[in-house]
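Participant: here's my sequence, what's the structure:
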Amino acid sequence: MTKHIERDTYYAVIFTSKLSIDTLGYKEMAKKMEDLVKTQKGFLGVETVREAQNGITVSYWNSMEDIKNWSINERHAEAKKGGKEKWYDNFTVKICEVKREYAFGK
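Facilitator: Numbering: from 1, shown residues only. The predicted model follows:
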């Protein structure tokens, strides 16, 4: 059965990345960011998949303002700096408006 979820529009931040060879401290920082994001105003949830060096993380937010506040969070900014300087070979961020959601499950 397909499940349709009625709710107001919300936003998704899609972060795709390729890890560099130097991942010392990466897992610890990722865990800190996972814990921190859950305390942020407007945060709705997150889904992450990582296989070898490639990963995708999608976080969900109530508003663009909430996303902006997360992007300028001081501790998050430190993590982003570490990502640019050593942990990632490359990454891409896409911000999307989610207008409809549905799911299938048994």
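
Participant: Ser59 touches Ala12, doesn't it?
Facilitator: Yes: between Ser59 and Ala12 a contact is recorded at 7.2 Å, counting by CB atoms under 8 Å. Where C-beta positions appear, they are placed from N, C-alpha and C, glycine not excepted.

Participant: for the chain, which helix is longest?
Facilitator: helix 26-37 (DSSP state H).

Participant: buried residues in that helix, which are they?
Facilitator: Tyr26, Met29, Ala30, Met33, Val37 (16 or more other CB atoms under 10 Å).

Participant: Gly55 versus the third one, what's the distance?
Facilitator: When distances are taken as CB to CB, to the nearest Å, Ala30 and Gly55 turn out to be 9 Å apart.

Participant: try the first one
Facilitator: Noted for Tyr26: a distance of 10 Å to Gly55, by CB to CB.

Participant: going along the chain, name the helices of this protein.
Facilitator: 26-37, 64-71, 74-82.

Participant: a markdown table for the ones you listed, including mean pLDDT?
Facilitator: Output for the helices of the chain, formatted as a markdown table (pLDDT from 0 to 100):
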| stretch | mean pLDDT |
| --- | --- |
| helix 26-37 | 94 |
| helix 64-71 | 97 |
| helix 74-82 | 95 |
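
Participant: what's the closest of the ones you listed to Glu47?
Facilitator: helix 26-37 (11.5 Å; CB to CB).

Participant: tell me the helices and strands packed up against that closest one.
Facilitator: strand 43-51, helix 74-82 (3 or more CB pairs under 8 Å, 6 or more residues apart in numbering; DSSP states H and E).

Participant: let's have those in TSV, adding distance to Cys96 and mean neighbour count.
Facilitator: Shown next, in TSV, are the helices and strands packed on helix 26-37 (distance: least, CB to CB, whole Å; neighbours: other CB atoms under 10 Å):
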stretch	distance to Cys96	mean neighbour count
strand 43-51	13	12
helix 74-82	19	13
